[in-house]
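Asker: give me coordinates for this.
(chains A, B, C, D and E)
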Amino acid sequence: MAAVLELNKVCMDFGGLRALDEVSLRVEPSQIVALIGPNGAGKTTLFNCVTGIYDPTSGDVLLNAPGGESRRVNGLKPNKVTELGMARTFQNIRLFPSMTVLENVMVGCHCRMHASILGAVVKGPGARAEERRVVDFSYELLRLVGLTRWVNEISSNLPYGAQRRLEIARAMATEPYLVLLDEPAAGMNPQETDDLKELIVRIRDTWSKSILLIEHDMSLVMGISDRIYVMEYGRLIAEGSPKEVSENPAVIKAYLGEDLDA
Amino acid sequence: MLGIKRSLLVSIWFMFLTFPLLVIRVNTVENTVDWRFMNMLYVGVGSFFLSFVWRYLMERRARGGGRSGGQGAGSVMQRVLGEKRIFYPIAAVVALAALSFPLFSDAYQTNVMISTLLYVMLGLGLNIVVGLAGLLDLGYVAFYAVGAYAYALLNQHFGLGFWTVLPLGGLLGAVCGVLLGFPVLRLRGDYLAIVTLGFGEIIRLVLENWGDFTHGPSGIANIPRPGLFGMDLSIHDAAIYIYYIVFGMVLVTIFVVNRLKNSRIGRAWLALKEDEIACQAMGIDKAKTKLTAFALGSTWAGFAGVIFAAKTTFINPACFTFLESALILSIVVLGGMGSITGVIVGALVIVVLPESLRDFPQFRMLLFGAILVLMMIFRPQGFISTERKKYEYHGAADETPAEGE
Amino acid sequence: MLELVGINTFYGAIQALRDVSMKVDRGEIITLIGANGAGKTTTLMSICGVVPPRSGDILFEGESLKGVSPDKIVSRGVSQAPEGRLIFPDLTVMENLDMGAYLRRDKQGVQEDFDYVFELFPILHQRRRQPGGTLSGGEQQMLAISRALMARPRLLLLDEPSLGLAPLIIRQIFSIIEKINKENTTTIFLVEQNANQALKIAHRGYVMENGSISLSGSSSELLANEDVKKAYLGM
Amino acid sequence: MDYFLELFFGGLTRGSIYALIALGYTMVYGIIELINFAHGEIYMIGAFTGLIVAGVLSSLGWPILSILLLASICAMIWSASYGYTIEKIAYKPLRGAPRLSPLISAIGMSIFLQNYVMLAQTSDFLPFPKLIPSLPFLEGGEGVVSTSELVIIVVTALVMGGLSLFIKYTKLGKAMRATAQNRKMACW
Amino acid sequence: MLVGVNADRVISATFVIGSALAAVGGVLIASHIGQINFYIGFIAGIKAFTAAVLGGIGSIPGAMLGGLILGWTESFATGYVSSDYEDVFAFALLVVILIFRPSGILGKAPTQKV
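Answerer: Numbers count the residues shown, from 1 in each chain, chains lettered A, B, ... in the order given. Presented below is the predicted three-dimensional model:
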């Protein structure tokens, strides 16, 4: 089976600084792939290259819809990439703060909706049905992440952990086959992290989505990942199953903290 | 004690500050100097007391700070507006009052109300651009001018009537909106503001200087009022007729804006305003969304322009200065960005209040400027902050049991 | 020297620190470790007055820092090398260092500190006329530390000095941190994610989780602690 | 060619003045990313203050050059005070507010100041005394460039040079550059 | 904070210096042109802002360069084309520059942090 996301020797330069150096990675369908590495290693830059916020200096980013066509997405606009079926969350939460929880998710449905200006004004049966479908679908997603209590609450009033989950629901609303999560557990307490772990697994298993995530919480990463890539200074230094990675001396040295020559 | 000392300092500072401009008046031709020390006294005493008020308000603001809108003074209003059982009857009463208004008032009052309603239209139009999509447009009046000149010129050269030009004016407004919107899409918020301001000035200057086509600064007179089945209407009757036309247009506008606001497109606008990057990550085309906002906003300015030309029967470039744009903007801001009711309240305040302050016309703009500043500091969300629609779940009835957390 | 007494800090409605209490004695290196988003940087921001705590108190040399503005706190002897090496990219190295000494009037002392800093980091002397933005990551970190030293602080706050740096350079920087601590008895408050490295040079450490202190003790105790090992040392 | 030169110097004069005012915009924007819409009004207040001081002094019969000097100095003092006060009232409370808020506040300030000057002084055009004397030896230049144009160009050049040195070498100047580059760090 | 610069004071200083410079401009130009009015600030302000944006807002050499370019554009446009459209040229220049170089001639493109 083809990988849903494939990076071939992607490089990204900022001025003279090489933030990504020939990074190649693959995300297989219905897999959870984690990207770990010290702060500043280039993980978020990689996300930005994949989602169209940056245009990589060289290399290919290929997006292969399951059972569909394969597209090279370098240099496409972020909204185009989302339309093709990839959604993301952000390291620092970027919700639409003054909109309600449900509306946040409904915005996510935007690119799968068709109502035109005229349709929105006249609100014929088609537009009405679509609107209804979207409300229901959004509600469904909120149930998935456990936020139905707060449907009509202004999103900035939610607790931190709930905002993170809302971001995931919003990303899911774009009906992606690949979800990119940028440090979803940051700032969560162990209980919340456990819930999140379960949620991510559920997204993979029941919704059969592929997930690429950046995370520092090792218990989360080691617990759920099918495959882990480790980055340092913009380069991949290791890849493999959680077990392989956690035993890899280079990884331990660079990231996990066991200083070998100490 | 400390407060008095501080206020004294403030008072001295302001007396110093206003000393040359308020106290001295020179006549450079006759070489005489006029000293007005009374003014200094007023400033000193006034600023002394106002500084207490200022400090009190600042303290209150700091205490209420950190909490976002919705709370505080506006909450009663908010609740009234949120509650349908209260809101609908009030709206009905207001609408009835507005409907019967011309029957009980003289031509002057009707005219003031026509202006108010025109500003409501303009405010609602600009509200799409600024309040919903978050694009600060300081040249909105340009589209208003396009509408007005469209009617005046098309009527003069081709004899087209009001009802023919009304949709054309809207269309022309939209076209100009897209024409302006297209090149400036890449600009950031405040750059956009300045370019739109420049655009507004360009339009006005062209109108002023392209004498052969627009009759220059002297403007175009004798623009016909809208006809009613060929009947000859007295000036007063014509005013009433226009009043109802505008009233109808306002209703249409409210309907359209309301529908748009809670639609796919309205949500995209809001999302764009709140966070551009997240908005794009949701698959929303930034350029398209901005353009629709521009186009729709300027359509309404075009409509309003046509009606304005028909109402005053005389237009010239001086009707379309930057001040007019600022006025419309402040209606949106004062009312509360994004809120329809807010715009109506804002228009009433901006148009009717100064009219009732006719005895102090010279202070009108002074106060107006001060109010803009004070509003931004003490009530940035406007009179009425946006209320978001609450949705109900229509799906299967298997309501989830208690959620986690 | 520095004491945090049950501080609670908020960003708007979000509580970032819950009842945090800590103590830093003169001449110590104290490290604060914890995951991303645990509140480490917020703690620093609270100490230097940028995000003042809503309740609780911070005492520096016995005096409360409540309501003291950030620049006054610097002039009392607390300075910081911020996370992500926020140096001034268009200012030269010399100018960057000058900014560090912004509040000082003693020309003689400033000159001495220039010499001291250049002795610590000879590379900066070579690059003194270059804009800060053209330096490498490690050099920028050195510049950030030097700039903080130019205020001649009695308490030096370091926020993730190892961020994004190569192990060799990290080791170099950490050994200089130790040197600074020993030579001028500058007290150092070190915030780190790289717990292993930090605990090696620190005398004592605090572990932060979700905005509150979950563990504290001497470095060797923490290094031996099973939970710490698991959560932060990846063992 | 003369016509070209005349336009050249005319443009240079104009451009110098624009540049002088533009510096205020650019410096403020560089530091707090605010379009200080009221800056044009500060310039206008400067001109009015200059006029008032010149009027008072010339009614007392002072020599013209001292009038020019004093009028400029007073204009600078008062404009600076206005600038300072405006920042404290209309912009400082709005730090950290959404981007549009300070801009609207600035527009309000601009409208306020315009009308304040109009009410305090007049809405008519006021003749401004010729403070820069025409030096005879230049008048032979066939109208290509006037003394006042030359004075404007030279003064502007001097002021700009001074400002550049100030920004580059003084402590405050460096602090300004630092703040502009990294506000979050240099201050709050 | 971190380096002890009091930002409020720097900001105030910026306003003070900028305002004083504008005042010099005001007195000089008023005496050159020979008349003033309460409205002169508006147009001059917008023009100067245009100049600042032209040169790249935030950049001091940019403001000087922008001012000169704008001054010459206006002067030559008035001299060789028509004096009626002086301001139109200025604004049109602004719009065109911003479209092709959104951060002005000497300005730096803002970096987007995600």
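
Asker: now A:Thr89: how far from A:Tyr229?
Answerer: 18 Å (C-beta to C-beta, to the nearest Å). Bear in mind the C-beta positions are built from the backbone N, C-alpha and C, glycine included.

Asker: ok, now C:Arg127?
Answerer: With C-beta to C-beta as the criterion, C:Arg127 and A:Tyr229 are 35 Å apart.

Asker: the more surrounded of the two?
Answerer: Taking neighbours as other C-beta atoms under 10 Å in any protein chain shown, C:Arg127 and A:Tyr229 compare with A:Tyr229 leading, 25 against 19.

Asker: where exactly do the strands run in the chain?
Answerer: I'll assume chain A. In chain A, the strands defined using DSSP state E lie at A:5-14, A:17-27, A:32-36, A:58-64, A:70-72, A:86-88, A:178-182, A:210-214, A:227-232, A:235-240.

Asker: sorry, should have said chain E
Answerer: Using DSSP E, strands in chain E cover E:35-36.

Asker: number of residues surrounding the residue of chain E found nearest chain D?
Answerer: In chain E, no residue comes nearer to chain D than E:Gly45, which is 1.8 Å away by C-beta to the nearest C-beta. When counting by other C-beta under 10 Å, one arrives at 25 neighbours for E:Gly45.

Asker: and chain B, split by domain according to the record?
Answerer: For chain B, automatic domain parsing gives the domain ranges B:2-64, B:106-378.

Asker: write out the residues of chain C neighbouring chain E.
Answerer: Within chain C, the positions near chain E by C-beta under 8 Å from any C-beta of the partner chain are C:48-50, C:69-71, C:73-75, C:79-82, C:86, C:99-100, C:102-103, C:147-148, C:151.

Asker: kindly report the same for chain B.
Answerer: Contact residues, chain B versus chain E (C-beta under 8 Å from any C-beta): B:183-184, B:186-188, B:191, B:194-195, B:197-199, B:201-202, B:205-206, B:209, B:277, B:322.

Asker: mind running it again at 10 Å?
Answerer: B:28, B:139, B:180, B:182-188, B:190-192, B:194-206, B:208-211, B:216, B:276-278, B:281, B:321-323 (C-beta under 10 Å from any C-beta of the partner chain).

Asker: mind checking the SS state of C:Ser216?
Answerer: Following DSSP: H, G, I helix; E, B strand; the rest coil, C:Ser216 is assigned to strand.

Asker: these two touch, right, E:Leu21 and D:Leu20?
Answerer: Yes. Assessed by C-beta atoms under 10 Å, E:Leu21 is found in contact with D:Leu20 at 5.2 Å.

Asker: mutual contacts of the two, please.
Answerer: D:43, D:156, D:159-160, D:163 (C-beta atoms under 10 Å, 6 or more residues apart in numbering or on different chains).

Asker: those in strands, which ones?
Answerer: Among those, no member lies in strands (by DSSP E).

Asker: name the nearest of those residues relative to C:Val24.
Answerer: D:Leu163 (44.2 Å; C-beta to C-beta).

Asker: check contacts around that closest one.
Answerer: Contacts of D:Leu163 (C-beta under 10 Å, 6+ apart): D:20, D:23, D:27, D:173, E:17-18, E:21, E:60, E:63-64.

Asker: ok, and the most crowded of those?
Answerer: Ranking the contacts of D:Leu163 using other C-beta under 10 Å puts E:Ala63 first, with 34 neighbours.

Asker: wasn't D:Tyr29 part of a helix?
Answerer: Yes. Assessed by three-state DSSP, D:Tyr29 belongs to a helix.

Asker: how close does the nearest residue to it once chain neighbours are set aside sit to D:Tyr3?
Answerer: Nearest residue to D:Tyr29 in three dimensions, chain neighbours excluded: E:Ile57, at 4.8 Å (C-beta to C-beta, 6 or more residues apart in numbering or on different chains). Counting by C-beta to C-beta, the separation of E:Ile57 from D:Tyr3 is 34 Å.

Asker: same check on C:Leu97?
Answerer: 54 Å.

Asker: and what of C:Val191?
Answerer: Counting by C-beta to C-beta, the gap from C:Val191 to D:Tyr3 is 68 Å.

Asker: which one of the two has more residues nearby?
Answerer: C:Val191 (23 against 11).

Asker: who's that one bridged to?
Answerer: With DSSP bridges as the criterion, C:Val191 is bridged to C:Leu32, C:Asp159.

Asker: packing partners for whichever helix in chain C runs longest?
Answerer: Of all the segments of type helix in chain C, defined by DSSP state H, the longest one is helix C:167-183. Using 3 or more C-beta pairs under 10 Å, 6 or more residues apart in numbering or on different chains; DSSP states H and E, the elements in contact with helix C:167-183 are strand C:29-34, helix C:107-120, helix C:137-149, strand C:155-159, strand C:187-192, helix C:195-201.

Asker: the first one: what's the following helix or strand?
Answerer: On the C-terminal side of strand C:29-34, the nearest following helix or strand under DSSP states H and E is helix C:40-47.
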